[in-house]
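Visitor: kindly return the folded structure for what I paste below:
(one chain, ligands or ions: 3)
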Amino acid sequence: MAQTPPTNNILARALLSPVFAALILLAFLALASGLRYGMTRQDTNQIQANLANEAVALVDHLEREFTIHAEAISRMAARLKVVPETTEASWRADARSYLDDFGVYQAIEWIDRDFVIRWLEPVSGNQDVVGYNVAFSDRRREALETARTTGQYDISGIIDLKQGGKGLVIYAPVGTGAGNNGFIAGVFRIETLVEQLLTSRVLQSFQVDVQDNGELGYRLNGLTETSEGFAHTETVNIPTLDWTLTIRPSETWVASHRSAWPWVTFTAVVLMGLLTSLTTLLAQLILKRNRALLKTRRELEQEIDQRKVIQQDLARLESTDTLTGLANRRFFMEDLSHTLGIARRQNRQVALVMLDLDRFQMLNDSLGHQFGDELLARVAERLNTLSNERIMVAYSGGDEFMFCQQQVEAVDDVIHLLGQIKQCFEAPFEVQDENHRITATMGVAVYPQSGKDADTLLRNADIALYRAKEQGRNSYQFYTEGMQEREVNRLELDKDLDMALANNEFVLYFQPQVDLGTGEIYSVEALIRWQHPRRGLLPPVEFIPLAEESGRITDIGRWVVAAACRQLAAWKGTACGNLRIAINLSGRELDDDRLVDDIRETLAAEHVPANRLEVELTEEIFIQNIEHNRNQLSRLHDLGVNLAIDDFGVGYSSLGYLRDFPVDLLKIDRSFITSVTERHDDAVITRAVINLAHNLGIQVIAEGVEKEEQLTFLRQHGCNLVQGYLISRPIPAVELEKALSEGTLGLGTPERSGL
Ligand code: C2E
Ligand code: CA
Ligand code: CA
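Guide: Numbers count the residues shown, from 1 in each chain. Ligands and ions are numbered 1, 2, ... in the order given. Purely as a prediction, here's the structure:
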């Protein structure tokens, strides 16, 4: 697994920590606070601006009202100046009409040029001030003097009224300079003025401070609770007055002007923050869970991988043969099916080779299973060197091996492989410190022509192997269509064999053996034939191997013994009365423990002396199962039965057994006789066998004698007996009897009848 960089790891861990979610919440809180602060500030500014507007409106109103009143008073003064003889009564009427028009005055007064109040209206509530000198301070006097000089009106600051309370007076001079006739004064009571000037809305919402010359002159509407931090001051523009107005809003006013947005925004952003951090927490949880799941999955996958490895190991163990280490038959067949599937798609050929070790069974029996196993292992080792991606080698069981060759282009590829296999057997195999030469026989079936599926291919390779074995060992055969037919025939015959004995379908033919010393016939070889109901007369090669395989050979052998003995009994007193009959016994028949007893009983039953019977055995039985066979042969010999070794010379180089077994006759194999006059080595071997036998005190017979020259050679070298077509083919008993009685059998007159 790749190592993730540490920075990535730290980052991932930080992102997955709950602190990260908390940080997000904090960030949103900060953002919300910032926004709220900003918006509140803006809101406050807006409120301030509103307040300023209110103040400006208020001051405007104040200025306008003052101007109106000041001008009204000035007009009264102007009228008095124009009509200096105005009587007190008419002045009073004039003043009253003013008072009616402007309800705001506390009083309207006429002040003489010495600044003393003379007339006033209304009298009630003001009578105390008549005669009062309004120039009560130097500053007042100066202001009034200035007004008299300029003709401009003058406004007193906020003063304590003689009538009580706070008030304000507008003085309008009646004429300027020396022509001045005092002043007309309008007296305002502040409360009244304020009530006139300010609307109830303003009164409810604001506290208004009037600063006169920088000092608090009057506080209007002393509200108990004004909002902290909010105030606006505006200068009042009225001639002669140095006034500023400061208004402070009530908390209710401020509250009513406050916007809800800062809080709404704040709450919304905080909620968003909460949501985001919650989502983050959730996402972290999911991620962590995912990680845990991933980890579990990885662990599971590792577990599965481990199991797969174990399973593969198990499969390998199951698919391998423990003795040879090669693939076993089951695995081979599975693989073959698979291979054929691929070959089908790719239009390719596949070759299946079945290999059988020649004479392995015999070696195994004679040298022991331990030896057999070791030999198999050595052979497997060598064959396995051929395995590659195109060739699979397997052990099928017993002494059989199998090869599967893929991607076969032409038959040459297979032939090449067969050559390589054959080479594997060239050098001897060292088993138990001894070298052993061994050969192999092979059957080949090629996909698709010799079979479309693994089973058919295997069966056909088997058939080809079987045929190869029939043709002689150490060779190979390709499967052909005809083989299938023959195989069917073989199987049919095998079935028919069941009934052959019961139906008495076997017959014995007899082939005479001529004594070269006398030219007489003393013995015949009994050769079995099968009178098949449909196929006609069948030679032994067509059914003896079948019978050996199926085990029926024991019964057939018993029948041969009985038939031979019956024949010997029947010949008593005839021309054939002196003949000895040689019967053939296969190794399988010798395995039967009852054999010797059977023969003895049959001979006795037919009253035939034992020396009238001869038994021909091939060399193999002297090598296989030695103890048992020697015992069997000794008992037969003791019984008086003659023993001959058939096909001598083709089998084994070891001749030691000749010493240990009670042998009466050696039969030189036909293969040596056929070319004995043409091939030097055959002649040498034949001579050697004759000499060897004679040196051991054993008689020699040559079989397959077809030509005069062969006979001459044998005679020259002292061969005792001859048998072959030159004298006679194997013939039925009646023919033999006839020929013998007529004396037509003998040397030089080849008998052409029979099989
Ligand atoms: P075998 O024991 O070697 O028998 C000799 C075979 O050579 C016989 O074939 C015989 O017909 C043939 N033969 C004889 N002279 C000549 C000749 O001049 N030229 C040629 N080309 N062939 C000749 P057959 O009768 O077909 O028997 C074949 C084999 O069958 C026998 O070989 C023997 O091994 C086996 N056999 C025959 N009868 C019996 C039997 O009753 N029991 C058993 N177990 N095997 C038998
Ligand atoms: Ca024979
Ligand atoms: Ca023979």
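Visitor: just for the stretch 51-200 of the chain, where's the confidence low?
Guide: Scanning the stretch 51-200 of the chain for pLDDT under 70 picks out the ranges 200.
Visitor: would you map the helices across it?
Guide: Taking DSSP state H, counting those that start in this stretch as the criterion, the stretch 51-200 of the chain carries its helices at 88-101, 138-150, 190-197, 200-205.
Visitor: looking at those, which is closest to T235?
Guide: helix 190-197 (16.8 Å; CB to CB). Every residue, glycine included, has its C-beta placed from N, CA and C.
Visitor: re the thing from before, could I get the helices of the stretch 51-200 of the chain in a markdown table, plus columns for distance to S728?
Guide: Below are these laid out as a markdown table (distance: least, CB to CB, whole Å):
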| stretch | distance to S728 |
| --- | --- |
| helix 88-101 | 185 |
| helix 138-150 | 188 |
| helix 190-197 | 172 |
| helix 200-205 | 159 |
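Visitor: wait, which of those is closest to ligand 3?
Guide: Each of those was scored for nearness to ligand 3 using CB to the ion, and the closest is helix 200-205 (147.5 Å).
Visitor: buried ones in stretch 228-239?
Guide: 230-232, 234, 236, 238 (16 or more other CB atoms under 10 Å).
Visitor: how about the strand or helix carrying L740: buried residues?
Guide: Here L740 sits within helix 733-742, counting by DSSP states H and E. Buried residues in helix 733-742, defined by neighbour count with 16+ other CB under 10 Å: 733, 735-737, 739-740.
Visitor: cool, stretch 35-49 as well?
Guide: Here stretch 35-49 shows 35-36, 39-40, 43-44, 47 as buried, counting by 16+ other CB under 10 Å.
Visitor: so can I have JSON lines of the residues you listed showing distance to ligand 3, secondary structure and pLDDT?
Guide: Shown next, in JSON lines, are the buried residues of stretch 35-49 (distance: CB to the ion, whole Å; DSSP: H, G, I helix; E, B strand; the rest coil; pLDDT from 0 to 100):
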{"residue": "L35", "distance to ligand 3": "120", "secondary structure": "helix", "pLDDT": "93"}
{"residue": "R36", "distance to ligand 3": "124", "secondary structure": "helix", "pLDDT": "92"}
{"residue": "M39", "distance to ligand 3": "126", "secondary structure": "helix", "pLDDT": "93"}
{"residue": "T40", "distance to ligand 3": "129", "secondary structure": "helix", "pLDDT": "91"}
{"residue": "D43", "distance to ligand 3": "132", "secondary structure": "helix", "pLDDT": "90"}
{"residue": "T44", "distance to ligand 3": "135", "secondary structure": "helix", "pLDDT": "90"}
{"residue": "I47", "distance to ligand 3": "138", "secondary structure": "helix", "pLDDT": "90"}
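Visitor: so which of the residues you listed comes closest to A410?
Guide: Nearest to A410 among the buried residues of stretch 35-49, with distances taken as CB to CB, is L35, at 88.9 Å.
Visitor: secondary structure class of the closest residue to the closest one other than its chain neighbours, three-state.
Guide: Nearest non-adjacent residue to L35, counting by CB to CB, 6 or more residues apart in numbering: T265, 5.1 Å away. The local conformation at T265, judged by DSSP: H, G, I helix; E, B strand; the rest coil, is helix.
Visitor: flag the shaky bits of this structure, pLDDT-wise.
Guide: 1-6, 200, 221-224, 316, 651-654, 746-755.
Visitor: the longest strand anywhere in it and ligand 3, any residue contact?
Guide: The longest strand of the chain (DSSP state E) is strand 521-532. No: judged by CB under 5 Å from the ion, strand 521-532 stays clear of ligand 3, getting no closer than 8.4 Å.
Visitor: right, and the helix or strand after the helix or strand where L216 lies?
Guide: Assigned by DSSP H and E, L216 belongs to strand 215-220. Next along the chain after strand 215-220, taking DSSP H and E as the criterion, comes strand 232-236.
Visitor: quick one: strands adjacent to that next one?
Guide: strand 243-249 (antiparallel) (DSSP bridges).
Visitor: what comes into contact with the strand it pairs with?
Guide: 47, 51, 54-55, 58-59, 62, 205-212, 217, 223, 226-227, 230-236, 257 (CB atoms under 8 Å, 6 or more residues apart in numbering).
Visitor: any idea how far the residue nearest the centre of the chain is from ligand 1?
Guide: Nearest to the mean C-alpha position of the chain, by CA atoms, centre = their mean, lies E301 at 8.9 Å. To ligand 1, E301 is 67 Å away according to CB to the nearest ligand atom, to the nearest Å.
Visitor: which element is that residue on?
Guide: Taking DSSP H and E as the definition, one finds E301 inside helix 261-319.
Visitor: gap between that helix and the chain center?
Guide: Remark: helix 261-319 is offset 20 Å from the chain centroid, using CA atoms, centre = their mean, to the nearest Å.
Visitor: show me what that helix is packed against.
Guide: With contacts defined as 3 or more CB pairs under 8 Å, 6 or more residues apart in numbering; DSSP states H and E, helix 261-319 has these neighbours: helix 6-16, helix 18-82, strand 327-328, helix 329-346.
Visitor: same thing but at 6 Å, please
Guide: Identification of packing neighbours for helix 261-319 by 3 or more CB pairs under 6 Å, 6 or more residues apart in numbering; DSSP states H and E yields helix 18-82.
Visitor: neighbouring contacts of stretch 361-376?
Guide: 323-324, 431-432, 623-625 (CB atoms under 6 Å, 6 or more residues apart in numbering).
Visitor: in strands only, show me the residues you listed.
Guide: Short answer: the contacts of stretch 361-376 in strands (DSSP E) are V431.
Visitor: need the contacts of stretch 361-376 in a markdown table (columns: distance to ligand 2).
Guide: Formatted as a markdown table, these follow (distance: CB to the ion, whole Å):
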| residue | distance to ligand 2 |
| --- | --- |
| L323 | 38 |
| T324 | 38 |
| V431 | 33 |
| Q432 | 35 |
| I623 | 18 |
| Q624 | 18 |
| N625 | 20 |
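Visitor: which single one of the contacts of stretch 361-376 is nearest to R490?
Guide: For the contacts of stretch 361-376, the nearest to R490 is Q624 (25.0 Å; CB to CB).
Visitor: the closest one: what's it in contact with?
Guide: Residues near Q624 by CB under 6 Å, 6+ apart: 362, 365-366.
Visitor: rerun at 8 Å
Guide: 361-362, 365-366, 587.
Visitor: ok, S741 next?
Guide: For S741, the contact set (CB under 8 Å, 6+ apart) comprises 574-575.
Visitor: can you give me phi and psi for the residue of the chain positioned farthest from its centre?
Guide: No residue in the chain sits farther from the centre than E85, which is 129.1 Å out by CA atoms, centre = their mean. Phi and psi for E85, reported as degrees, to the nearest 10, are phi -80, psi 10.
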